[in-house]
Structures are given as C-alpha cells and as structure tokens.
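Trainee: Structure here, sequence nowhere to be found:
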C-alpha cells in the first residue's frame, strides 16, 4: 500500500458521518472544477476604491539597511528556505520547483495533485514556502524606506513571473487554501507599502495592465478559498488562516459583488473561531506553542486591517488575544526561551522584521504591551522591535518607552487548567530564576490532533534563563517519516515510555488515532514549596493496563526537585524514563548521578536504586536519540539520558534534582 493510500485509510478511521458526507461533496466539486464547472470566471472590477493600510501613516523611522541587505539577497536569488540558508533560487525563481530536491511539480489541475507524494512534488513545505511571497513584502519595505526603483521593479518582476508560471487553477500553488490565504495577506501588505492605488507600478498602459492582472489573480484566490475552506477535523489553524486571507483581501480590495459576502462571513467566523480554538485561560487548543504564536499573529493582522477599514472586533476577541500573550509571558523564562512544545514549522504570516535575532514571542509581547497597556508585557519584551513598529506605527515608540519606565510587577500566572499547563518555580524573572513548565493537557485539537506530541506529564526546566531540560522540537513534517515520528513520540520528551510504545498511537504525519488523556490532580504553590500531581491514561490500552502518575515537588529554599513516577499494573513491563538536555549543557554520567552544567549553573540528578540501566546518548541516528531541532529540517546533537527498568506490579521511580551555581 502506498504512503498516500495508507494515509487515506487511516484518515477514514477518524471521520464522523458528517465529515464523510462533506468530503464526498468536496470531492465531487473538485472533479467538476477539473472540467471547468464552478471555477472563478474572469471578472472586471465593479468598484474603484480600495481599502486603507493597516496603520497610517506607514512608519518611515525604521533603519533601512537590514531591508536593503535582505532585498539585495532576494534580487540575487539567494533565498533562505528552511535549512537552505542561501539556496540559489534565481530571480525570479522557478515557482513550481522544490528548491530542496529540485523536483518540479506538474502544471495540472491543482486540487488533483497529491502534495503528500514526494515523487510528484518533492518536499512540499520547501515548494510552498517561497510561494507565500514574504520576500515580496521585504522588497516593498526596502522601496518604502529608500524609494530605490530597483526594489519596485523587483516586486513587479516577482509578481509577473508568478502570474506566468502559476496560472489559475494549475499546479501545486493552487492546492491548499491556507497557502493562497497567506500569499494574499503578503500581497495586501506589499500593495500598501508600494503605494496602493497611487503606486507608480500602475502608471501608463503597461501599469494598468499589470494592475488588472494582479486583481484578477486576487479574485481567483478569494473564490478558491471561499469554496475550499477547511472544515471538520482540519478546522484548526488552517481554517483560521484561510479566513484571515479572505478577510484581509476583501477589505483591501472590496471591488466585486462577492467581496461584501466574503468579508462579512470571514469576519463572523474569525470572531467565533478565536474563542473556539483558544481556551479561556489563553492556550491554543493545538497544544503547540509555535502555532499559538501563528494564531496570535493572525488575530493581530485581522484586527489591524479591520480597524483601519472601519470593521471592529469584539472585546471578547481582544481579551482572548491578550490571554494568549499572557500565556507566553508565563512560560517564557528570563532568558527569553519558550519551550518547543508541540509542532513548529518556522512559519511567519508576514516577515516584517528580517533581523537574525528576531524573537516571535518577544515581538508579540512588545505589540501586546502597546495594544493592551501592559507594563509586564513590555518588561518581558525588553525592547520595541521593527515588527511592532510596522504594525502599530511610530506612535508605539513613546507608548512602549513609558510602559518600560513603569516597571510594574504583575502577579505571575502559574496555572492554565483549561489549556493543560502548570508552572513551578522561584525567583521569576531574576538571575536566580527556576522555571518549570509541566504538560498535562490534551494531545491536540479535534479528531486528528494534527500538531500535538505524545508528551503527557513531560516538563521543561530552565535555570537563570538557561535551558537545562528541554523539549527537543519538531524537525520534520511531510518527509522523513522516521524522524517525524521520533520527534513527536514519547521518547523525545521528558516523561515515561512503557514497553517501547508511544502514549498515543500515530496514524499519519498529521494524525493520531488512540489519544492519551492527561490531567492535573493537584497543584499547590506557596513561598516554601510548589507541588504538582498529574496522571494520564495512555497506557491503559495495553493488554495489562499501566497507569502512570507523576508528582513533582520543588523545595524552593534548598532548590531541590523530587520527581516521583508511580506506575500501577499487575504484570511485567519494560519502562524507560527520558531526560533531554539543552545543547549548551555539558552532561556527565557517573553511577546513578547525572551532572549537567550550563553558563554558571549546575544540575545534579540522582536516581532511586530501582533504576537498573542508565545510558547517555548524543546524536544517535539508529534509535534515534540525543537530538534537538530549533528550526524546521535542522537538527543538532544534544544529550539524552535514558533510564531503563523492568517492573512487575506497582513501582515508584524517584528522581532527585538539585540546582546550584558553579564556583567562580
């Protein structure tokens, strides 16, 4: 059975009757479209007035050099696409070719292309990424800041080449509504940066012809998205992104009779889905922190574009966005590190800031500080970044400076029971900080839980803003299945694995079948001690069921953790306990003690005698073990410690973790 057929077979297991019916209708619709029935028809715009930019005036105080340097690389064809840091794309590039494998996808009806088939499209993530046109915005920013004609001409050439190579509805760039939606948002942003209706791009007969061609493609994009919205089990961030693209396009170019319907429908669903897909306490239900950043970004963009064009979002919408940012402020350590829980794909809706040290999380907090008048967000963000300036305009500068000066200490949020995360620690946001983030939430969102990892009762630990125990990240998506399965499997997280199987059963690259449920039984915090007790049912599915309960207790005065893993069963089982260290840690193993040092801090980990075998792995490709992935398709050797034990009946595994500073 091919990988594609296997995926479809597994997928059927997760569908309810309504989804099956909906997908049958969609399949019929696609087949009709392949014969030309129901496609967008070439239309002439019915009105002339386009929308206004998300902020006015657009900022001009931003230093141009980073945008000029980035634009020169783009024009020279040296683009960064995931692990390809300076791949020779050419300018303009071949839009239907995967730059990683050089596979060129066929120019056939897009919705019938199987983008999961590597033989047909290569690595689809690499193919799609340049087609989102983040580089177009960079060229537009460079032109806006310098008025150099080469960047204007480059933007025009980039778009013309895309229209030539990617005619509607053919090829891999007419397969995914989300990809079309992100492209539309970048087009809208570039449109305003390049001067909007008054842009010199549209001067003369040739300019008007180019404008018409661009608008015709915009209409086809909107029509496609409106007819192929992700529903049912795929109604996660994909649906929200699609609605974002449709909304931003319809307020930027309200030029056709359909525009009002698209705008109104998208606005209503954006409001609804913001509350549905995010818990009241501020956690995105995908259980993936990077995707929470993407979701928050999408909410920011539609809010800004809507407000600029007279469309208000509700207080409930804004409060939910503020809650998402509060969660980031809570899990971010004093060094700016956010645990890599769940999937991450390095996606940006718009690359507003090309800086190498740009932090998506600190940027969100900087923007949130200004929007919500939050001094605590400003303290976490530490500085006003370019993205915030592009989004909010130059008025953000004095506002942010004032918030920084206030230095108001807000109460630390420690419990997020709706989302399933709890934070233990001491001396928060100081050089002596201890911060532990415990995961006892759902596996993921909806029936397929696409971006969740099998990480029940795992936790991360940082000391003084330096990462010690980490979540190793994601690494792979559509290709390299073995690595995809490893990084989201139980053995890649700081938790217990039983009999060599995951807590939840993998059904495909973005699908889980049998899903573990985790919960918190107790969480107490006081000046002397923090205590968390949680459990999950992932191994109750075994022929001899195993219940796993974990207690984490922090003695703040002695800076000592005790982790007690209690396993309840009747028969015999092989149990493994994994500890994943950050790549900057120096780790040594002696007898039953593991020592790790990082930037002047030290961790000693001592194990109860019940542990029989302790093994240290670093960069092992066979198991695999001992890896961390900070970026999509990039992995680095790090240290993983595994303790293995054979248990019969009830067992307790105790891990004592003491923290200290190294002598200077």
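Mentor: That came in fine, so what should we check first? Computed from a predicted structure; not experimentally measured. Numbering: from 1, shown residues only.

Trainee: Mind naming the longest helix for the protein?
Mentor: helix 204-227 (DSSP state H).

Trainee: what about that helix, average pLDDT?
Mentor: Averaged over helix 204-227, pLDDT sits at 97.

Trainee: try stretch 340-358
Mentor: 97.

Trainee: Use 9 as the first number for this chain going forward.
Mentor: Sure thing, new numbering starts at 9, so read that last one as stretch 348-366.

Trainee: Would you mark the buried spots in that stretch?
Mentor: Within stretch 348-366, the residues that qualify as buried by neighbour count (16 or more other CB atoms under 10 Å) are 348-362, 366. C-beta coordinates here come from the backbone N, C-alpha and C atoms, glycine included.

Trainee: Please apply the same query to stretch 119-138.
Mentor: Buried residues in stretch 119-138 (16+ other CB under 10 Å): 119, 121-124, 126, 128-138.

Trainee: and what of stretch 521-539?
Mentor: Going by neighbour count (16+ other CB under 10 Å), the buried part of stretch 521-539 is 523-528, 531, 533, 538.

Trainee: Kindly present the residues you listed as a markdown table, with separate columns for secondary structure, distance to residue 643 and pLDDT.
Mentor: Shown next, in a markdown table, are the buried residues of stretch 521-539 (DSSP: H, G, I helix; E, B strand; the rest coil; distance: CB to CB, whole Å; pLDDT from 0 to 100):
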| residue | secondary structure | distance to residue 643 | pLDDT |
| --- | --- | --- | --- |
| 523 | coil | 26 | 97 |
| 524 | coil | 25 | 98 |
| 525 | coil | 30 | 98 |
| 526 | strand | 27 | 98 |
| 527 | strand | 32 | 98 |
| 528 | strand | 32 | 98 |
| 531 | strand | 34 | 98 |
| 533 | strand | 36 | 97 |
| 538 | strand | 33 | 98 |
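
Trainee: follow-up on the earlier one: for the next helix or strand after the longest helix of the chain, packing partners?
Mentor: The helix or strand immediately downstream of helix 212-235 is helix 245-260, counting by DSSP states H and E. Packing contacts for helix 245-260, counted by 3 or more CB pairs under 8 Å, 6 or more residues apart in numbering; DSSP states H and E, involve helix 185-201, helix 212-235, helix 265-284, helix 297-316.

Trainee: Let me know the next secondary structure element after the last one.
Mentor: Looking back up the chat, that one is helix 297-316. Next along from helix 297-316, by DSSP H and E: helix 323-339.

Trainee: so how far is residue 566 from the closest residue to residue 530 other than its chain neighbours?
Mentor: Nearest residue to residue 530 in three dimensions, chain neighbours excluded: residue 541, at 4.1 Å (CB to CB, 6 or more residues apart in numbering). Distance, residue 541 to residue 566, by CB to CB, to the nearest Å: 20 Å.

Trainee: Those two: who's more crowded?
Mentor: Just comparing residue 541 and residue 566: by other CB atoms under 10 Å the higher neighbour count belongs to residue 541, 18 against 10.

Trainee: just checking, what packs against the helix or strand harbouring the more buried one?
Mentor: Residue 541 belongs to strand 537-544 when assigned by DSSP H and E. Where contact means 3+ CB pairs under 8 Å, 6+ apart, strand 537-544 is packed against strand 429-434, strand 442-447, strand 526-533, strand 555-563.

Trainee: Tabulate those (JSON lines), appending distance to residue 462.
Mentor: Shown next, in JSON lines, are the helices and strands packed on strand 537-544 (distance: least, CB to CB, whole Å):
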{"stretch": "strand 429-434", "distance to residue 462": "16"}
{"stretch": "strand 442-447", "distance to residue 462": "11"}
{"stretch": "strand 526-533", "distance to residue 462": "10"}
{"stretch": "strand 555-563", "distance to residue 462": "12"}
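
Trainee: out of the ones you listed, deepest packed?
Mentor: strand 442-447 (a mean of 25; mean count of other CB atoms under 10 Å).

Trainee: I'd like to know the average pLDDT value across that strand.
Mentor: 98.

Trainee: partners of it in the sheet?
Mentor: strand 429-434 (antiparallel), strand 467-471 (antiparallel) (DSSP bridges).

Trainee: These: which one's closest to residue 289?
Mentor: Among the strands paired with strand 442-447, strand 429-434 comes nearest to residue 289, with 9.0 Å by CB to CB.

Trainee: what distance separates that closest one from the centre of its chain?
Mentor: 22 Å (CA atoms, centre = their mean, to the nearest Å).

Trainee: same check, this time on stretch 368-386
Mentor: With CA atoms, centre = their mean as the basis, stretch 368-386 stands 19 Å off its chain's centre.

Trainee: can you list contacts of it?
Mentor: With CB atoms under 8 Å, 6 or more residues apart in numbering as the contact definition, stretch 368-386 has outside contacts at 298, 301, 304-305, 308, 326, 329-330, 333, 336-337, 340, 344, 346, 356, 361, 388-393, 395-396, 399-400, 404, 407-408, 411-412, 414-418.

Trainee: In the stretch 259-408 of the chain, where is pLDDT below threshold?
Mentor: Low-confidence segments of the stretch 259-408 of the chain, defined by pLDDT under 70: none present.

Trainee: Could you do the chain as well?
Mentor: In the chain (pLDDT under 70), the answer is 9-22, 30, 618-619, 671-672.

Trainee: Show me the domain layout of it.
Mentor: 9-285, 293-417, 428-669 (automatic domain parsing).

Trainee: Helix, strand, or coil at the closest residue to residue 84 other than its chain neighbours?
Mentor: Using CB to CB, 6+ apart and skipping residues adjacent in sequence, the residue nearest residue 84 is residue 99, 6.8 Å away. The local conformation at residue 99, judged by DSSP: H, G, I helix; E, B strand; the rest coil, is coil.

Trainee: still on that earlier bit, to residue 480, which of the helices and strands packed on strand 537-544 lies closest?
Mentor: Using CB to CB, the nearest of the helices and strands packed on strand 537-544 to residue 480 is strand 442-447, at 13.7 Å.

Trainee: Show me what the helix or strand where residue 410 lies is packed up against.
Mentor: Element membership for residue 410, per DSSP H and E: helix 404-414. Helices and strands touching helix 404-414, by 3+ CB pairs under 8 Å, 6+ apart, are helix 368-380, helix 383-389, helix 394-400.

Trainee: And the next helix or strand past that helix?
Mentor: Using DSSP H and E, the helix or strand that follows helix 404-414 in sequence is strand 423-424.

Trainee: ok so, going back, out of the helices and strands packed on helix 245-260, indicate the one that is most buried.
Mentor: helix 185-201 (a mean of 25).

Trainee: rewinding a little: any chance of the helices and strands packed on helix 245-260 in CSV with distance to residue 661 as columns?
Mentor: What follows is those, written out as CSV (distance: least, CB to CB, whole Å):
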stretch, distance to residue 661
helix 185-201, 43
helix 212-235, 51
helix 265-284, 39
helix 297-316, 28
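
Trainee: Identify whichever of the ones you listed lies nearest to residue 59.
Mentor: helix 297-316 (7.4 Å).

Trainee: Can you show me the strands along the stretch 9-158 of the chain?
Mentor: Taking DSSP state E, counting those that start in this stretch, the strands of the stretch 9-158 of the chain run over residues 86-89, 92-96.

Trainee: if we can go back for a sec, and of the helices and strands packed on helix 245-260, who's closest to residue 245?
Mentor: Of all the helices and strands packed on helix 245-260, it is helix 297-316 that lies closest to residue 245, at 5.5 Å by CB to CB.

Trainee: what residues are up against residue 528?
Mentor: Residue 528 neighbours (CB under 8 Å, 6+ apart): 425, 428, 430, 448, 540-542.

Trainee: Any chance of a markdown table for those residues, columns distance to residue 383?
Mentor: Listed next are these as a markdown table, based on distance: CB to CB, whole Å:
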| residue | distance to residue 383 |
| --- | --- |
| 425 | 26 |
| 428 | 28 |
| 430 | 25 |
| 448 | 31 |
| 540 | 29 |
| 541 | 34 |
| 542 | 33 |
